[in-house]
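> This is a predicted model, with the sequence first.
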Amino acid sequence: MARACLDAGVISLYYLKDPPEKIIDLMTSIKDGQIVTIVPSIILVEVFKHLCIAGGKEYAVSCIRSFEFKIHPILIQLTPDLIIEAGLLKCQFRNKLSYNDSIAIAIALKEKAIFHTTEKNLPKIHNLQIISYEF
């Protein structure tokens, strides 16, 4: 079964007005059980912030709860090994990766998942498969 690691941009866009068709298709495949979804739990803080700015606190709370209930992501917590892997990525690509992207990419690599992102200028990272979304 396919595995997807989602970044904050993909999740945020899904809950904002008029999400891109490609993101709707992704979420439909996830809901239908065709894709196992992995999300670093810390990413949801960034998602909450984006949704809170766009629609207020109650909207953000509702979206986060909906995401957990309808998408059923596997929420990954940071471990010492993931901290090291994400830190190495951030150190190597310090001007190109955010902390959250470093964490999500480390998890995508560990879990052998495709990284779904809205980032436009990611560096080439060995063994990382990426699907990008426009907004």
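Nice, thanks for sending it over.

> In this structure, where is pLDDT below threshold?
Scanning the chain with the threshold set as pLDDT under 70 gives no residue ranges.

> Which parts of it are helices?
When assigned using DSSP state H, the helices of the chain occupy the ranges 8-15, 21-31, 43-55, 57-66, 80-92, 99-111.

> which strands and helices sit next to the last one?
In this case it means helix 99-111. Helix 99-111 sits against strand 2-6, strand 35-40, helix 43-55, helix 80-92, strand 114-117, with contacts defined as 3 or more C-beta pairs under 8 Å, 6 or more residues apart in numbering; DSSP states H and E. Placement of C-beta: from N, CA and C, glycine included.

> what angle separates that helix from strand 2-6?
For helix 99-111 and strand 2-6, the angle between their directions (axes from the mean of the first three to the mean of the last three C-alpha atoms, to 10 degrees) works out to 160 degrees.

> Could you give me the buried positions within helix 99-111?
Neighbour counts over helix 99-111 (16 or more other C-beta atoms under 10 Å) mark 100-110 as buried.

> re earlier: Serialize the helices and strands packed on helix 99-111 to a markdown table and add fields for distance to Pro19 and mean neighbour count.
Formatted as a markdown table, those follow (distance: least, C-beta to C-beta, whole Å; neighbours: other C-beta atoms under 10 Å):
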| stretch | distance to Pro19 | mean neighbour count |
| --- | --- | --- |
| strand 2-6 | 13 | 22 |
| strand 35-40 | 16 | 22 |
| helix 43-55 | 12 | 18 |
| helix 80-92 | 27 | 14 |
| strand 114-117 | 13 | 22 |
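
> Fine, thanks again, bye for now.
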